[in-house]
Each structure stands twice: as C-alpha cells, then as structure tokens.
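Engineer: sequence and computational prediction follow.
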Amino acid sequence: MTLSKMLTAVLLDDEPKALKSLEWEIENFCSGVTIEASFNKPYEALEYLKQNEVDCLFLDIQMPEMDGFEFLEHFKGREFLVVFTTAYDEYALKAIKENAFDYLLKPLDSDDLVETVEKLKAKRKEQRSYKTIEEDFLTNPKQQIVIPVDGKLLFFTADEVVYCASDGNYTRVFLTENRKLYVSKNLKEMEHILPEKAFFRIHNSYIVNLKKVREYLKKDAFVVLDGGAEIPVSRSKKQDFLENYKFYGI
C-alpha cells in the first residue's frame, strides 16, 4: 500500500467505453485520486501490478480472456484494495468471499462511486497509520515487535516469540505459553519485522529466536527450542547459523 497523500488506482475493464466512462467519473467527481494506468487486457494489467505498487484496483468481473476472480488468483497476498465493477449483481456474494473492498454496479452511479472512493481513502489513511507505528517499533532499541493481525496491531517483546513457520503467503508465529498467531505476511516480510541479531532464518521455512535454542543435533541437523519444538537446519544455512549463534553469545 503506497503512502502518498493521493489515492493511486488502476482500472481494468475489457470494454473500452466502460473504461473511459469510469476514468471520466473518477477524474470529474473524485478528488485526491490518481489513475496510474488503465487496461482492457487482463494480462497487461497483471504484469503492471506485479511490478508496481498501487492503493486500489477497479476490476470488471466478466472479461473474455480472464474473469475478475481468476485475475485475483494471481495475487493471493495482495496489498491493493479491490473494487469490483460489473453489470451483474449475482456476483456480490462471491466478491465478498474474495475480500473485495466494494462492489459497484454498472452503469455506475456517481454518488456511489464518490462514497466508495472516500471509504478507500479512509482505509488507506488507517493503513498508513499502522505502517508508521510498525516502522517506529522496528527502530526501537528495546526490541519491541509489532505484528499486524486481523486489522489490529499486536505488540510483543523479542523474548515472547519462539519461532516462525512459513505457510505459503502467510506465517505461523509460535509464542511463549503455547500462544500462536496466523499472520498475513510471508516469511521474508517477517524477517524485516523481527530484530535481526536475535532471530535467524535457519531454513527456507523457519525463523528461530536464537535465545530459545536449547540443543543442536549435529547428526540430524535439527535444533530443539524451548517447549520442545524441533526445527530443521538447512545445509545452506548451517555454517551461518553456527556463526550467528556464537556471535550472539548464548
């Protein structure tokens, strides 16, 4: 999600007239919005969104090359908000299941569009506030950690996090006292959240808290953590792990 003051948008609709109409409505009735790009071919929009960060996508549903729902399958961990635009109201329930931010029926009503854009701007502002708090905590010398979960920010000390396990585009976070979190960030993103010197990515699928390591089983290349969890050490990470372990002074 971009942090600029303007709301940045991409438009995708296979009908050129509908696309031009939406552009005109946004430019004439919606303040504070920049249309970064417009597409009538899904594959072109797909490539653009993979390379560029935007706040929201106005997405048609019925398109011959690839429908809107198929299009979103390429963005499982998407950060941009989605507003479906369609002439068919029977897709509303499915749109909700796809975590669409809003659903507008064609022909678009100007008042409905303005209302949706205002809600988008409010949501972006809220997310920007979360991002600022995250960055503040990441630079905190006391090694406090902020983890976003279900629209909330949860605060922890480094000692509370035992290890993290990859689950596709999500991460399972294992805490002390048998607590667990399911976070909508992948493991690489979690690396940026966790204090660098205290945590180590021991395997492509795991990050461990070095202070929670109790045993290293050389033969099987496993570590045993507080609580008994056994985590594999990948061959490519073994030397770096031992060096970091020694450096940390445990």
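Structural biologist: Thanks, I have it.
Engineer: got the contact list for the residue of the chain positioned farthest from its centre?
Structural biologist: Within the chain, the residue lying farthest from the chain centre (C-alpha atoms, centre = their mean) is residue 219, at 37.6 Å. For residue 219, the contact set (C-beta atoms under 8 Å, 6 or more residues apart in numbering) is empty. In short, each C-beta sits where N, CA and C put it, glycine included.
Engineer: buried stuff in the helix or strand encompassing residue 24?
Structural biologist: Element membership for residue 24 (DSSP states H and E) is helix 16-29. If you call a residue buried by 16 or more other C-beta atoms under 10 Å, then helix 16-29 has these buried ones: 18, 19, 21, 22, 23, 25, 26.
Engineer: ok, these vs residue 122, which is closest?
Structural biologist: Distance to residue 122 across the buried residues of helix 16-29 (C-beta to C-beta) is lowest for residue 26, with 16.8 Å.
Engineer: can you pull the contacts of that closest one?
Structural biologist: Contacts of residue 26 (C-beta under 8 Å, 6+ apart): 9, 33, 35, 113, 117.
Engineer: reformat those residues as CSV; add secondary structure.
Structural biologist: Putting the contacts of residue 26 into CSV (DSSP: H, G, I helix; E, B strand; the rest coil) gives the following:
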residue, secondary structure
9, strand
33, strand
35, strand
113, helix
117, helix
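Engineer: check the residues you listed and tell me the two furthest apart.
Structural biologist: Pairwise over those, using C-beta to C-beta, the maximum falls at 35 and 113, 13.0 Å.
Engineer: the two: who's more crowded?
Structural biologist: residue 113 (20 against 17; other C-beta atoms under 10 Å).
Engineer: contacting residues around the more buried one?
Structural biologist: Per C-beta under 8 Å, 6+ apart, neighbours of residue 113: 25, 26, 29, 30, 104.
Engineer: ok, back up a step: now for the buried residues of helix 16-29: which two are most distant?
Structural biologist: 18 and 26 (12.7 Å).
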